[in-house]
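Chemist: predicted model follows, preceded by the sequence.
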Amino acid sequence: MTTRQKTGPRLIAVSGRPVAADKPPRSNRTNLSELAYQRLEEMIVTCTLRPGRFLSIQDLQERMGVGRTPIHQAVSHLAADTIIIIRPRHGLQIAPVDLARDRTLLQLRRDMERFVVRFATERSNASYRNQMLHLSRTLRDKGASMTIDEFNRLDRRIDHLLIAAAGEPFLEHTLRPLHTIFRRIGWIYHSWVSPDEGLGRTLDCHLAILDAVVANRVKDAVAASDRLMAFSNSMFDVLGRGIDPVLFDCNLEASAAD
């Protein structure tokens, strides 16, 4: 009886030094690209990068401490989402807030969100429902003292979870830019327009959606989603009255100075 000798990874010689030929590729680049996207998106949503601002890839590298390739990939995604504008010979521009366009896009988002909550209610399994219960408890426990920045981080998780539960990847690619656009609108509204109003209405709408999905109540989930879209729509009336336009496009500040 013969015994097969165990062998390690196949070796090849590189510059006279043996190295493993079957070593799997490292995934750091993918992780860094996703991290760069998340950081850059958050800076846009919170207006840390002001609407209308011009900057370069190098500016973002220095600000974020991430290499050129992950930054370039994140910028490419956000440019495809129309949230960053690539200006030949001028670099990059953070897309200004266009209230008329965004209000029109809200109608598209409303219809797509109906699909998401309906599919999530019909298709979500126990694991997804447990995650929704955890998020709803977090919203209830921390809602009274939650800042808009803290809420937006939870809101991103809720959006991803509902789309994952819906089981249709196409929805994620289509809704992702809309979610970013309206998180920025919500941030401006709650931070500059109605800071004393609190997050009560938006929290109630999100809780109603989560509760209805978990309870498998399709009509209630769709109705709660429509209430959230109606609240978002009401923000535009307030944002369009007497708000400094510089909040929507920082280039107007320089124009006014001239």
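Modeler: Yep, that arrived.

Chemist: in space, what's closest to residue 84 - neighbours in sequence excluded?
Modeler: Leaving aside its chain neighbours, residue 84 sits nearest to residue 78 (4.2 Å; criterion: Cβ to Cβ, 6 or more residues apart in numbering). To be clear about C-beta, it is placed using only N, CA and C from the backbone, and glycine gets the same treatment.

Chemist: elements contacting the helix or strand hosting that neighbour?
Modeler: Element membership of residue 78, judged by DSSP states H and E, is helix 68-80. When contacts are defined as 3 or more Cβ pairs under 8 Å, 6 or more residues apart in numbering; DSSP states H and E, helix 68-80 packs onto helix 28-45, helix 57-64, strand 84-87.

Chemist: quick one: the shortest one to chain centroid distance?
Modeler: Which is strand 84-87. Counting by Cα atoms, centre = their mean, to the nearest Å, strand 84-87 is centred 18 Å from the centre of its parent chain.

Chemist: which ones are touching the residue nearest the centre of the chain?
Modeler: Central residue of the chain (Cα atoms, centre = their mean): residue 180, 4.8 Å from the mean position. Contact analysis of residue 180 by Cβ atoms under 8 Å, 6 or more residues apart in numbering lists 41, 44, 45, 78, 81, 83.

Chemist: quickly list the domain ranges of the protein.
Modeler: With domains defined by automatic domain parsing, the chain comprises 33-96, 99-239.

Chemist: ok, which of the ones you listed comes nearest residue 248?
Modeler: Judged by Cβ to Cβ, the one of those that comes nearest to residue 248 is domain 33-96, at 5.6 Å.

Chemist: quick revisit: so which of the contacts of residue 180 is the most crowded?
Modeler: residue 45 (26 neighbours; other Cβ atoms under 10 Å).
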